[in-house]
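In: Below are the sequence and a predicted model; questions follow.
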Amino acid sequence: MSDGDEPAGSAVESALSTDRALSLLSDARRRQLLIVLLDRKPDAEIGVDSETLKRVLCRAPGGQPLSGDTAYRIIISMHHNHLPRLVESDVIEWNEWEDTVEPGPAFDVIEPFIEHLDRNREALPEDWRGIPGVDDE
């Protein structure tokens, strides 16, 4: 290894790839959560307790609250599937004790994708931002 080479496990190697970023953005609920974080920067910490997730993510198209069972399934999938995926990719930091998330070290890598989508929202399907008709509080 020459002096200019990065060591194994460096930030360069662990950077979020384009494929991984797009994969993380492929789910409407993850997109919606990431958009809320982006919209709230620099004070981006948000609660991921059941009540906050119900208010922010558990909505049908048009913004109506979802039923108890459906909302419960979304909350469970966020805690057992979506949040761990985002943590694994360093996109968010999740404080499970306080039930909050904030941007992680790789959030800056996924941020341009979200911003690009937002700038071109007229050309995208209505659901690119998550669930149509839902205000991102």
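Out: Everything's here; your move.
In: contacts and neighbour counts: CA atoms only from here.
Out: Will do.
In: Next, find the distance separating the residue nearest the centre of the chain from Leu83.
Out: The chain has Leu34 as the residue nearest its centroid, 3.0 Å off, counting by CA atoms, centre = their mean. With distances taken as CA to CA, to the nearest Å, Leu34 is found 11 Å from Leu83.
In: Likewise for Lys54?
Out: For Lys54, the distance to Leu83 - CA to CA - is 15 Å.
In: re the thing from before, now the element after the strand or helix carrying the residue nearest to the centre of the chain, going C-ward?
Out: Leu34 belongs to helix 28-39 when assigned by DSSP states H and E. Counting by DSSP H and E, the element after helix 28-39 in chain order, helix or strand, is strand 46-47.
In: Direction included, what does that next one pair up with?
Out: strand 100-103 (antiparallel) (DSSP bridges).
In: CA-only coordinates of the strand it pairs with in CSV, if you can.
Out: Taking C-alpha atoms only, strand 100-103 is exported to CSV below (Å, rounded to 0.1, in the frame of the first residue of the first chain):
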residue,chain,number,x,y,z
THR,A,100,-35.4,9.5,18.7
VAL,A,101,-33.6,9.6,15.4
GLU,A,102,-31.3,12.1,13.9
PRO,A,103,-29.1,12.3,10.7
